[in-house]
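Sequence and predicted model, in that order:
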Amino acid sequence: MDILTLKSLHIIFVVSWFAGLFYMVRLFIYHVEAQEKTELERGILSRQFIIMQKKLWWIITTPAMVLTIIFGTWMIVVNPSYLYAPWMHIKLGFVGLLLIYHFICQNIMNQFRVGVFKWKSGHLRLWNELATLFLVAIVFLVVLKSTLNWITGTVVFFLVAIILMLAVKLYKRLRAKNEQKK
């Protein structure tokens, strides 16, 4: 298989993996918020969220992660010069962190399945933004490679983080105002 085909498949599965992670945490938020409903509603919603989370995780998210790693590794095997690029070392570091994020999400899903809810919806909203930061960092590293000044890259990374945190806080305030009006 040529490098462009491998790269295309790698990108397709990266997109699928991130889509799964983003939607999974969104389901976590809804699942936590369902715990505030009446007992009947909570039971119905929790059963449905458990089914949705299980299917999303094992049919889309985890297979996409595995295929991302397979095609990424295959690209490195075909073109080992990638391993000599400093940007690749940083990218692989972020991928390592993303894998940790993935398995923490799996742990959260397993806890929710047995009725353990340690996370609040606000914390999960922030948790969801961490995946966004990984996405931004990885894409900029891959696209800009060595042309990105390290200082500029670091500043942009933290600016994106601050903007995302402010957006979450703004959303929380707007949501609280809307709930007060009801």
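In hand now; what should we look at? Numbers count the residues shown, from 1 in each chain.

ok, now which ones touch the spatially most central residue of the chain?
Central residue check for the chain by Cα atoms, centre = their mean: the C-alpha nearest the mean position is that of residue 131, 3.5 Å away. Residues in contact with residue 131 (Cβ atoms under 8 Å, 6 or more residues apart in numbering) are 18, 21-22, 25, 98, 101. The C-beta positions use only the backbone N, C-alpha and C, and glycine is treated the same way.

Likewise for residue 118?
Residue 118 sits next to residue 111 when contact means Cβ under 8 Å, 6+ apart.

Please write out the alpha-carbon positions of stretch 110-120 in CSV.
Taking C-alpha atoms only, stretch 110-120 is exported to CSV below (Å, rounded to 0.1, in the frame of the first residue of the first chain):
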residue,chain,number,x,y,z
ASN,A,110,-17.7,1.2,33.1
GLN,A,111,-18.4,3.1,36.3
PHE,A,112,-21.6,4.6,34.9
ARG,A,113,-22.8,1.1,33.8
VAL,A,114,-22.7,0.0,37.5
GLY,A,115,-24.3,3.2,38.8
VAL,A,116,-21.1,5.0,40.0
PHE,A,117,-21.2,8.7,39.1
LYS,A,118,-18.0,10.4,40.4
TRP,A,119,-18.0,13.1,37.7
LYS,A,120,-20.3,16.2,37.6
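
Could you identify the helix or strand that succeeds the helix or strand harbouring the residue nearest to the centre of the chain?
Assigned by DSSP states H and E, residue 131 falls within helix 121-144. For helix 121-144, the following helix or strand on the C-terminal side (DSSP H and E) is helix 150-181.

so how far is that following helix from its chain's centroid?
16 Å (Cα atoms, centre = their mean, to the nearest Å).

What residues of it count as buried?
153, 160-161, 164 (16 or more other Cβ atoms under 10 Å).

what packs against it?
helix 121-144 (3 or more Cβ pairs under 8 Å, 6 or more residues apart in numbering; DSSP states H and E).

thinking again about what came up before, pick out the most distant pair among the buried residues of helix 150-181.
153 and 164 (16.7 Å; Cβ to Cβ).

related to what we said a few turns ago, which one of the buried residues of helix 150-181 sits closest to residue 122?
Using Cβ to Cβ, the buried residues of helix 150-181 come closest to residue 122 at residue 164, 13.5 Å.

orientation of the worst-scoring helix or strand of the chain on mean pLDDT relative to helix 121-144 in degrees?
Lowest mean confidence among the helices and strands of the chain (mean pLDDT, DSSP states H and E): helix 150-181, at a mean of 80. Using axes from the mean of the first three to the mean of the last three Cα atoms, to 10 degrees, the direction of helix 150-181 lies 150 degrees away from that of helix 121-144.

Looking at the contacts of residue 131, which are in helices?
Mapping those onto helices (DSSP state H) picks out 18, 21-22, 25, 98, 101.
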